[in-house]
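**Q** with the sequence up front, the predicted model follows.
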Amino acid sequence: MSEETLIPTFSLDERKRRWDRVRQLMGEGQLDCLIGFPSQGRFEQFHANTRYLIQIGGFMTEAAVVFPLAGEVTAIVQTPRDVEWWSSIHHWIKDLRASRRTWAEPIINRLKELHLERARIGVIGLKGLVRAPEGIVPWTMFEKVKEALPNAEFVNATPLLLKARAVKSSEEISFVERAEEVAERAVDTLAEVARIGVRENIVYAAMINTMISHGAELPTMIYWSAGQGRSVSHLVPTTRKLQAGDLLTNEIEAKWGGYIAQVVAPAFVGHVPPHHQSTYATSKKIFDALCSRMRPGTALGSLSKEYQTMAKDSGYGPATWLFHGRGLGDDLPIMPAAMVDSEETLEEGNVLILKPGLEALDGGDEGTVRAGETVVVTKDGARRLGKRRMAVIEIPAS
């Protein structure tokens, strides 16, 4: 692997660990092969299951996979140029093929080479992704594969991959830690660049520049809003100039080798009002309390109830998602809403973004001011992956 690329890959030991785990689950599910089609949706998070298997992705790279229960794994990229480039930096996959923009044909060819015309084949992303429950598989591509192998059985393999990805190895956690470091550098940039009269898109661009300068990859997600009081967060910054009294809210994600970390870093142009300070301090207190409780075997529903109780006892209502799993994309465990009574439990090695929001009971704007960061579940509770001081950032007003 080249040391100059912005797309690092994992060791061969890590490849063996995850391929063995996936093949174990395939055996349990009586699957002979997995196939995955290209998808760059939602900042490439929809590509997560395929990238987990082949370590090809980032910067909007298109890739597909044929992953047999036994035998060589095949990765498919778009052009011969892509084959040459990925071969020069990549050490996981030896069988790299070009699709030349018709993705079904190389998948069909490889399945026939493997004599899987009558096999039970798992389709990655057919349905059941958290943010794409209807699936992400391109209809025409899939139909061509089915027509070419009429005696094969095709089933949804999304749950299998999500299960395999849920618990992170030490190598994976190290990638998330690098992403967290870059996200915190982007927060530092926000604090340095945001000033009265500076346009929002300039601040946004400076954060992206920081990420790429420090080895992160694109695309990545930044939710952003700036204005007087509550404003709607969006993925697109405006050209509006910052003003005194603006509240800047955000969710800033960085990616290292595809692995995601997130920082929630609210800021205020001028002296931070007491009600924002108080809301953030309460959110941080709940964040710390929940971290101490996030041990292996803890039910998500019990954490939700504790969160709701702590919010109510502090004079607030719960707001939005309490946490969600993160890795190459949306990983298990998932808490789809703060008030869901889920019986799913935490495991050591789960990586999550914990962000306990609080709603003012009078309908004020406190819900956008909250503590949030990436954590990993350990036997002693959740460990923060960041090192910054968690507080509302105060932007000089003069």
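**A** Everything's here; your move. Numbers count the residues shown, from 1 in each chain.
**Q** and the spatially closest residue to Val232 that is not a sequence neighbour, how close does it get to Ser233?
**A** Using Cβ to Cβ, 6 or more residues apart in numbering and skipping residues adjacent in sequence, the residue nearest Val232 is Ser225, 6.0 Å away. (Glycine included, C-beta is placed from N, CA and C.) Distance of Ser225 to Ser233, computed by Cβ to Cβ, to the nearest Å: 4 Å.
**Q** can you tell me the SS state at the closest residue to Lys305 other than its chain neighbours?
**A** Using Cβ to Cβ, 6+ apart and skipping the chain neighbours, the partner closest in space to Lys305 is Asp341 (7.7 Å). Under DSSP: H, G, I helix; E, B strand; the rest coil, Asp341 falls in the coil class.
**Q** repeat for Val155
**A** strand.
**Q** on that earlier part again, overlap of the contact sets of Ser225 and Ser233?
**A** Residues within reach of Ser225 and of Ser233 at once, by Cβ atoms under 8 Å, 6 or more residues apart in numbering, are Thr249, Asn250, Thr368.
**Q** just to be sure, which of these are found in strands?
**A** If you go by DSSP state E, the shared contacts of Ser225 and Ser233 have Thr249, Asn250 in strands.
**Q** now, among the shared contacts of Ser225 and Ser233, which is nearest to Val176?
**A** Asn250 (19.1 Å; Cβ to Cβ).
**Q** in the stretch 151-300 of the chain, which spans are strands?
**A** Using DSSP state E, counting those that start in this stretch, the strands of the stretch 151-300 of the chain run over residues 153-156, 222-227, 247-256, 259-264, 267-269.
**Q** list the buried ones in the first one?
**A** When you say that, I think you mean strand 153-156. Within strand 153-156, the residues scored as buried using 16 or more other Cβ atoms under 10 Å are Phe154.
**Q** just to revisit the earlier point, pretty sure the residue nearest to Lys305 is touching Gln308, no?
**A** No. With contacts counted by Cβ atoms under 8 Å, Asp341 stays clear of Gln308, the gap being 10.5 Å.
**Q** in terms of neighbours, single out the busier of the two.
**A** Set Asp341 next to Gln308 and count neighbours by other Cβ atoms under 10 Å: Gln308 wins out with 16 against 10.
**Q** give me the mean pLDDT for stretch 190-200.
**A** Stretch 190-200 carries an average pLDDT of 98.
**Q** now the stretch 201-350 of the chain, which segments are flagged as low pLDDT?
**A** Scanning the stretch 201-350 of the chain for pLDDT under 70 picks out 230-231, 336-340.
**Q** let me see the domain layout of this structure.
**A** The chain breaks down by automatic domain parsing into domains covering 12-165, 170-395.
**Q** what is the nearest of the shared contacts of Ser225 and Ser233 to Met60?
**A** Using Cβ to Cβ, Asn250 is the member of these that lies nearest Met60, at 23.1 Å.
**Q** distance of the closest residue to the closest one other than its chain neighbours from Thr249?
**A** Nearest non-adjacent residue to Asn250, counting by Cβ to Cβ, 6+ apart: Trp224, 5.2 Å away. Counting by Cβ to Cβ, the gap between Trp224 and Thr249 amounts to 8 Å.
**Q** try Arg21
**A** Distance of Arg21 to Thr249, given as Cβ to Cβ: 38 Å.
**Q** show me where the stretch 51-200 of the chain has helices.
**A** Per DSSP state H, counting those that start in this stretch, the stretch 51-200 of the chain has helices spanning 80-89, 104-113, 139-148, 158-165, 170-193, 200-213. These are given in chain order.
**Q** rewinding a little: export the domains of the chain to CSV and tack on distance to Leu6?
**A** Formatted as CSV, those follow (distance: least, Cβ to Cβ, whole Å):
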stretch, distance to Leu6
domain 12-165, 7
domain 170-395, 5
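**Q** contacts only, for the residue nearest to Lys305.
**A** Gly301, Ser304, Lys305.
**Q** count of neighbours near the first one?
**A** In this case it means Gly301. Gly301 - counted by other Cβ under 10 Å - has 16 other residues nearby.
**Q** just the second one next, same as before
**A** The tally of other residues near Ser304 (other Cβ under 10 Å) stands at 21.
**Q** does it really touch Ser342, like I thought?
**A** Yes. In this structure, Ser304 is within contact of Ser342 by Cβ under 8 Å, at 7.2 Å.
**Q** overlap in contacts, the two.
**A** With Cβ under 8 Å, 6+ apart, Ser304 and Ser342 have common neighbours Met335.
**Q** closest to Thr5 out of the domains of the chain?
**A** Smallest distance to Thr5 across those (Cβ to Cβ): 4.8 Å, for domain 12-165.
**Q** now do the closest one, average pLDDT.
**A** Summarised as a single mean, pLDDT over domain 12-165 is 95.
**Q** quickly note the distance from the spatially most central residue of the chain to Lys285.
**A** Geometric centre of the chain, nearest residue: Gly329, 3.1 Å, by Cα atoms, centre = their mean. According to Cβ to Cβ, Gly329 and Lys285 sit 30 Å apart.
**Q** again with Leu248
**A** Counting by Cβ to Cβ, the gap from Leu248 to Lys285 is 22 Å.
**Q** so between the two, which is more surrounded?
**A** Using other Cβ under 10 Å, the more surrounded residue of Leu248 and Lys285 is Leu248, with 24 against 14.
**Q** if the more buried one is in a bridge, with which residues?
**A** Beta-bridge pairing of Leu248 under DSSP bridges involves Ala226, Ala267.
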